[in-house]
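Undergrad: got a predicted structure here, sequence first:
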Amino acid sequence: MAAVLLAAGTLARASVMLWFLPVDSGMSFRDWSGALWLGARYDLRVSLLTMSIAWALASMPWLGKYMRPPSLRAAWGAYWMLACTVWALGVITDVGHYSYLKKRLSSTLFSLARDASEAAGMVWESYPVIRIALGLALWLLVCHWIFSRLWIWAIGINRPTGRKWQTISSETMVVVLAISFVHGKLSQYPLRWSDSVALSNAFAKESALNPLHNLYDTWTFRQQSLDDAHMRPDANEIRAFVGLPPLKADEPISFLRTVPAKTKVAGQPPLNVVLVQLESFAGHKVGALGSPMGATPSFDTLAKDGLLFTRMMSAHAHTARGVYAMVTGIPDVSLYSTASRNPAATNQHSIINEFKDYKKYYFIGGSTSWANVRGVLTDAIDGIDIYEEGRLKSQVEDVWGVSDRNLFLEANEVLRAHTQSNPQQPFFAYIQTSSNHRPYTIPAEDMKEFSPPAPSEKELDMQGFISLDEYRGFAYLDWCIGQFMKKVRQEKYFDNTIFVFVGDHGIIGTTGPHLPKSWKELAITQGHTPLLIYSPKHVAPQRIDNWAQQVDVVPTIASLVGIGYRNTTLGRDLLDPKFDSTRVAFEFQFTGIGEKGLLADHYMFIDRKPPAAFDILSDKPASNQLEKIPISSELQRLAQQWSHFSTAYGNAALYLQTHNPRLHD
């Protein structure tokens, strides 16, 4: 039975590899054989463990004789069919997960699926569910036929009648072999997911993993809090980073600093803020950052006249984590689920709440029940007025709710009405887009005006687009930006408003030659997104190529607007020159499960044993520069400064999830 599962797993892996093989994968025979061989070892372990309960029970001297064939055929059959069903669902879910996120199945699936209605709607609208169900049924019929053949073979075996020691020795040999196969290596350390890192090709590394095995590996990383005792050793390193002096011996841990308000210009009304979160707005697909695909003409035009940060990074490729980071100033380093779903992590002080006397709005085409975003918003921001599916007037287009164009237009109507009825009260509006998601729905009413280019399949593959539908979805989001800005230019509030556009995250994929190889090989693309601040009368055009972080967005906005504010978390003003020498970007799980890293200068430092540093401008970016002798003086200096920082920063982020309560006046 285990052998059948092993064969099925190997066949499934080979098929999936052929299906998803990137055009530029560079897979050699060695890469193929390495992925299949390592994958077979994972499959063998999982297949033996799958059958281990039945095997162990049937091997017990006092029980086995009642369980072995021809006894309990129905029980054996039920066990076998359950095993086959679980394996099949593992493969099916893994394929869907990979086609959607370009990542193998992991415990993040359960965080994505917690909003069951939206998850089910997305699956139904994005995948051929009926055909998948028919395929599953066919597979189970084949499994039933295999079981019938195995059963006939089992009851026909001539049991050995030799001496007892021969039976014991043969059984012992089988047990030793099984334990060895489960251990997986001729080493004191067992086979682990990290063994796939030894494969030189990125696609081979991903392909070698077993979906059920990877689900288990990621499930075990779910720590969600840190206490004072564990935070204190790293507190001063983080305090220095945010511009604070060291803690005194008996001083409570705090990262609170107060930024004074700027002197107001006589007759100048307070500036409004429109913060737009762009769904999956990957930097390597944006024209202003070098993409030749022509998908973002609206954004590119704004970028020419705005303040553009070319190296903005999200710490993790997940929308809810992006919202959490921008609202709270804390990167979400939850190993299991997301911080927004943690009841202990929603009571947060937010700089958005420091915009006193401002009317606060949140616009989303779907529902803020998704990922419990509503809990974070309402706990952190006083009086926030949420416009979402059900309250918006436009029709729902798909599982993600109202189209981005209609979301933008309705937001503009609300802001216009607010300006007319309360001309003296400024506003802070957060608009979260969502159309740039499978199934990439483009409303029929928009097709009359929306006419993007139609690149060839080869061009799409070379620049990181997985399909023409995805390209059109990306281009549609940009078109919606253009439609929004066309409308707001006609509004009275336009001249007195700062517009901020930033992606919630990037997405893993090929970048094309306009970015270094490391963007793909070190998965930098999953966090890379542009940040654009646009306000022709208040913000001068500029292009800044330093590293920037999502947690820096709101502090920068607050400083531009000129309000005084209290900052209790990790974000810093991107325009404050005192931080220019320490512009870095923290990343979480880009290179492996639970791993923290830091982008500093042209290196990526990874917190692992032994530590690693990768030159992101190198032609071989996956080569650990700390293993080369001699190590350059530049790298020695940077490693001394930053090698531990990702650990300290990650600890601070985890600590603040439960130690950043709302401040009251």
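TA: The structure has been received and is ready for your questions.
Undergrad: switch to C-alpha atoms for all contacts and neighbour counts from now on
TA: Noted.
Undergrad: which strands or helices does the lengthiest helix in the chain pack on?
TA: The single longest helix within the chain, with elements called by DSSP state H, is helix 29-59. Using 3 or more C-alpha pairs under 8 Å, 6 or more residues apart in numbering; DSSP states H and E as the contact test, the elements touching helix 29-59 are helix 2-20, helix 64-67, helix 73-101, helix 164-183, helix 202-208, helix 211-219.
Undergrad: around residue 20, count how many other residues there are.
TA: 16 (other C-alpha atoms under 10 Å).
Undergrad: let me fix that: residue 480
TA: Other residues near residue 480 come to 24 when the count uses other C-alpha under 10 Å.
Undergrad: what sits against it?
TA: By C-alpha atoms under 8 Å, 6 or more residues apart in numbering, residue 480 lies in contact with 404-405, 408.
Undergrad: what about it, distance to residue 406?
TA: For residue 480, the distance to residue 406 (C-alpha to C-alpha, to the nearest Å) stands at 9 Å.
Undergrad: before we move on, back to that, average pLDDT for the longest helix of the chain, rounded please.
TA: For helix 29-59, the mean pLDDT works out to 91.
Undergrad: so how far is residue 83 from residue 2?
TA: Applying C-alpha to C-alpha, the value for residue 2 to residue 83 is 10 Å.
Undergrad: mutual contacts of these two, please.
TA: Common neighbours of residue 2 and residue 83 (C-alpha under 8 Å, 6+ apart) are 50-51.
Undergrad: just the helices and strands packed on helix 29-59: most buried one?
TA: Counting by mean count of other C-alpha atoms under 10 Å, helix 202-208 has the highest mean neighbour count of the helices and strands packed on helix 29-59, with a mean of 23.
Undergrad: could you say what helices and strands it packs with?
TA: Applying 3+ C-alpha pairs under 8 Å, 6+ apart, one finds that helix 202-208 contacts helix 2-20, helix 29-59.
Undergrad: so how far is it off the chain centroid?
TA: Put simply, helix 202-208 sits 18 Å off its chain's centre (C-alpha atoms, centre = their mean, to the nearest Å).
Undergrad: state the mean pLDDT of it.
TA: For helix 202-208, the mean per-residue pLDDT is 88.
Undergrad: what sits up against it?
TA: 13, 17, 21, 25, 27, 31-32, 34-39, 42, 103-104, 196-199, 521.
Undergrad: do the same with stretch 87-96
TA: Outside stretch 87-96, the residues that touch it by C-alpha under 8 Å, 6+ apart are 12, 16, 104-105, 127, 132, 136, 211-212.
Undergrad: pick the one among the residues you listed closest to residue 451.
TA: Lowest distance from residue 451 to the contacts of stretch 87-96 (C-alpha to C-alpha) belongs to residue 127, with 25.3 Å.
Undergrad: what's the closest of the helices and strands packed on helix 202-208 to residue 113?
TA: By C-alpha to C-alpha (comparing all of the helices and strands packed on helix 202-208), the closest turns out to be helix 2-20, at 23.1 Å.
Undergrad: so what does that closest one touch, helix or strand wise?
TA: Counting contacts by 3+ C-alpha pairs under 8 Å, 6+ apart, helix 2-20 packs against helix 29-59, helix 73-101, helix 202-208.
Undergrad: for the ones you listed, give me TSV that also has distance to residue 602.
TA: Formatted as TSV, the helices and strands packed on helix 2-20 follow (distance: least, C-alpha to C-alpha, whole Å):
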stretch	distance to residue 602
helix 29-59	28
helix 73-101	27
helix 202-208	21
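Undergrad: any idea which of those helices gets closest to residue 613?
TA: Across these, closest to residue 613 is helix 202-208 (C-alpha to C-alpha), at 17.5 Å.
Undergrad: tell me where the model's unsure across this structure.
TA: 108, 111-112, 114, 158-163, 187-189, 194, 197-198, 219-224 (pLDDT under 70).
Undergrad: rewinding a little: and the furthest pair within the contacts of stretch 87-96?
TA: The widest separation within these, taken as C-alpha to C-alpha, falls between 127 and 212 and amounts to 20.9 Å.
Undergrad: in what helix or strand does residue 606 lie?
TA: Assigned by DSSP states H and E, residue 606 belongs to strand 603-607.
Undergrad: okay, now the sheet partners of that strand, with direction.
TA: Using DSSP bridges, the strands paired with strand 603-607 are strand 596-600 (antiparallel), strand 612-615 (antiparallel).
Undergrad: return the residues in contact with the residue nearest the centre of the chain.
TA: Centroid-nearest residue in the chain: residue 317, 2.4 Å away (criterion: C-alpha atoms, centre = their mean). By C-alpha under 8 Å, 6+ apart, the residues touching residue 317 are 504-507, 526-527.
Undergrad: where does it sit: helix, strand or coil?
TA: Under DSSP: H, G, I helix; E, B strand; the rest coil, residue 317 falls in the coil class.
Undergrad: how about the helices and strands packed on helix 2-20, which one is nearest residue 573?
TA: Closest approach to residue 573 among those (C-alpha to C-alpha): helix 73-101, 31.4 Å.
Undergrad: now residue 663. Its backbone dihedrals?
TA: Per-residue torsions, residue 663: phi -90, psi 140 (degrees, to the nearest 10).
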